[in-house]
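# Provided below are the primary sequence and the corresponding predicted coordinates.
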Amino acid sequence: MHTLWLVIQREFVSNVLTSRFMIGFIVCLLSTAVAVFVQVDDYEKRLAGYNTAVREAEAEAQEWELYSKIKPKAHRKPNPLSIFNVGTENFGANTVTVELGKPIFELSFPIWSAPTQKRGSDNPFLAMFLTVDVVFIFKIVLSALAILFAYNAISGEREDGTLKLVLSNSIPRDTIVFGKYLGGMFSLFPIVLMSLIVALIIALSSPVTAFDGNAIAHIVLIFGISLLYVSTWYLLGLLLSVWTKTAATTLILSMFIWVLLTSVHSNAVAFAVEKFPPYKSNPESGALQPAFEVWDQFKKERDAYIEQRGYKDIGKSITWAPEDGEPGRTRTGMGTSSESGGYYRIENYHITNVAKADTSIFQEILGFQEKLRVEYANKAEEILNKPAEERERNSKFADTLSRISFADTYDFAVGTVAGTDRRNYNDFIQNARAYKREIVEYLTDREAFSSRAWFSNDQGDAELADLPVFEHRRLSLSESLSRASIDILILLAWNILLFMVAYVSFLRYDLS
């Protein structure tokens, strides 16, 4: 054990006292600080936009007098952990407007009156700039530092004769390998730790940034995954240092693999999957016409019900009470209007002099019609969501291929833990759909579809005091760990594999 400690101490001192340690330490701290300043400013703007949107939605809700007019909104609250990993926070929808007769869907091209809205800038250059975050710095800078610390661990000492001298003292080779690994990691540990502390201090200096216990636990887990990631790169450099004869060769080979895995691989995979998608998909615009046809089916079924009930002409079927005993002076009537956006149809009804009318037949029709409208909206939603589902299948295939690179695996793992990955965004859309179902259940329980307050407030406004409010729940630590477990295990497997190969290779290492 004493010998192992001496090897660790020697490796640690030889790394810390070099210029590469000081330069790497300063570069990592400064780049982390700049990235956090940018992300904190972006988070403050997104949070301000979110708070404004919530206040506007609350003000709109105060004006709802009829059940048919409610349009609750599901808002995606900015994630404070996006300061460390921005992920999908600046992409996709921030708000989903819930309308009973309108499907919730996303298309890659803008469409009139879409249910999903995005707040903030759509400037692609600004979006690219905002992707530089703490995890990006760790992914690029720390991996390069790990390579620079490990590339001459064996081959460098072989060149200057130090390794031969060490082995002449009967030090076991496994002790040397293990000691060099631990010494190198102890050298990198303070850089990772101090960078994270600086990031936390800057983040907490913002008056709107607050981390609860759950968020702190997630940050600690991100720190642990980052150490595992840095360890992978150090072991790769150590292995290449064993396999090559000179430190220069080790460095060139290591940097080639570093560029390949951190930059080239993921972009090449994304390009290949985009050009040759494993799951073929039809053009998104092709989903609009089938969705529109759904509403024709709805209208036919609704009209068939009206005719079956003997209410073919709704306007004439409503009994109107005379005004002042003089029927001729009463103006009555019913008007309908419809608007179509290619994917949904809303019909608005207006009854003049509703206070004098017997609207029981109309209410009966609405009770059938509006429930039916929701069912057909769900059918249209299935059609309109197929393009997004096909895109998601191709994206998952690309992610699987990207996991060959442990740099991308690290990205996926941290994004999952931070709650800024694509799956968490999809959860928001799914939660918005679940919220819509909750609203439908709320109205169904109150028999709102067939109530007078659906179309008129002459006998009182709709009762909406306990209308459900959308809440996008953050994952607990155990849930995040469960989701990220595969990526964490992949990183762990890479560590074990690289260490074992380096260990066996060094046992067979020939000094001649």
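Cool, got the structure.
# dump the residue contacts of Glu11.
Listed by C-beta atoms under 8 Å, 6 or more residues apart in numbering, the contact set of Glu11 reads 153, 179-180, 182-184, 187. In this view, the C-beta of every residue, glycine as well, is placed from N, C-alpha and C.
# Any chance of JSON lines for the residues you listed, columns neighbour count?
What follows is these, written out as JSON lines (neighbours: other C-beta atoms under 10 Å):
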{"residue": "Ala153", "neighbour count": "28"}
{"residue": "Gly179", "neighbour count": "22"}
{"residue": "Lys180", "neighbour count": "26"}
{"residue": "Leu182", "neighbour count": "17"}
{"residue": "Gly183", "neighbour count": "23"}
{"residue": "Gly184", "neighbour count": "25"}
{"residue": "Ser187", "neighbour count": "24"}
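# okay, who's weakest in those by pLDDT?
The lowest pLDDT within these belongs to Ala153, with 87.
# What separation do you get for it and Leu251?
Applying C-beta to C-beta, to the nearest Å, the value for Ala153 to Leu251 is 12 Å.
# so Ile137 makes contact with Ala33?
No. Counting by C-beta atoms under 8 Å, Ile137 sits too far from Ala33 to count as a contact (9.7 Å).
# State the mean pLDDT of the helix or strand containing Ala291.
Under the criterion of DSSP states H and E, Ala291 resides in helix 288-308. Computed over helix 288-308, the mean pLDDT rounds to 86.
# Run the chain-centre distance for it.
The chain centre lies 36 Å from the centre of helix 288-308; the measure is C-alpha atoms, centre = their mean, to the nearest Å.
# List the buried residues for it?
Along helix 288-308, these residues count as buried under the neighbour rule (16 or more other C-beta atoms under 10 Å): 288, 291-292, 294-295, 298-299, 302, 306.
# Output those residues in CSV, with distance to Glu60 appended to each entry.
Listed next are the buried residues of helix 288-308 as CSV, based on distance: C-beta to C-beta, whole Å:
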residue, distance to Glu60
Leu288, 28
Ala291, 27
Phe292, 28
Val294, 28
Trp295, 26
Phe298, 27
Lys299, 29
Arg302, 29
Ile306, 32
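# of the residues you listed, closest to Leu384?
For the buried residues of helix 288-308, the closest approach to Leu384 (C-beta to C-beta) belongs to Ala291, at 5.2 Å.
# tally of neighbours for the residue nearest to Tyr503 when sequence neighbours are not counted?
Nearest in space to Tyr503, with sequence neighbours left out and distances taken as C-beta to C-beta, 6 or more residues apart in numbering, is Val177 at 5.2 Å. Neighbourhood size, Val177 [other C-beta atoms under 10 Å]: 23.
# Would you indicate which residues of the helix or strand containing Val177 are buried?
Assessed by DSSP H and E, Val177 sits inside helix 173-204. For helix 173-204, the neighbour count (16+ other C-beta under 10 Å) marks 175-185, 187-188, 191-192, 195-196, 198-200, 202-203 as buried.
# One more: stretch 96-103?
Neighbour counts over stretch 96-103 (16+ other C-beta under 10 Å) mark 96-103 as buried.
# For that stretch, the averaged confidence score.
88.
# Can I get that stretch in PDB? Just the C-alpha atoms.
Taking C-alpha atoms only, stretch 96-103 is exported to PDB below (Å, rounded to 0.1, in the frame of the first residue of the first chain):
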ATOM      1  CA  VAL A  96     -49.400  24.700 -25.500                       C
ATOM      2  CA  THR A  97     -52.900  26.100 -25.900                       C
ATOM      3  CA  VAL A  98     -55.500  23.500 -24.900                       C
ATOM      4  CA  GLU A  99     -58.700  23.700 -27.000                       C
ATOM      5  CA  LEU A 100     -61.200  20.800 -26.800                       C
ATOM      6  CA  GLY A 101     -61.900  20.600 -30.500                       C
ATOM      7  CA  LYS A 102     -58.300  21.000 -31.500                       C
ATOM      8  CA  PRO A 103     -55.500  18.400 -31.600                       C
END
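# List of residues touching it?
Contacts of stretch 96-103 (C-beta under 8 Å, 6+ apart): 71-74, 104, 115-117, 291, 343-346, 370, 373-374, 377-378, 380-381, 384-385, 428-429, 432, 435-436, 439-440, 443, 470.
# and the residues you listed, which are buried?
Buried among the contacts of stretch 96-103 (16+ other C-beta under 10 Å): 72-74, 104, 115-116, 291, 343-346, 370, 373-374, 377-378, 380-381, 384-385, 428-429, 432, 435-436, 439-440, 443, 470.
# all strands for the stretch 51-200 of the chain, in order.
Assigned by DSSP state E, counting those that start in this stretch, the strands in the stretch 51-200 of the chain fall at 73-75, 95-97, 116-117.
# so how far is the shortest one off the chain centroid?
For strand 116-117, the distance between its averaged C-alpha position and the chain's averaged C-alpha position is 15 Å (C-alpha atoms, centre = their mean).
# Much appreciated, bye for now.
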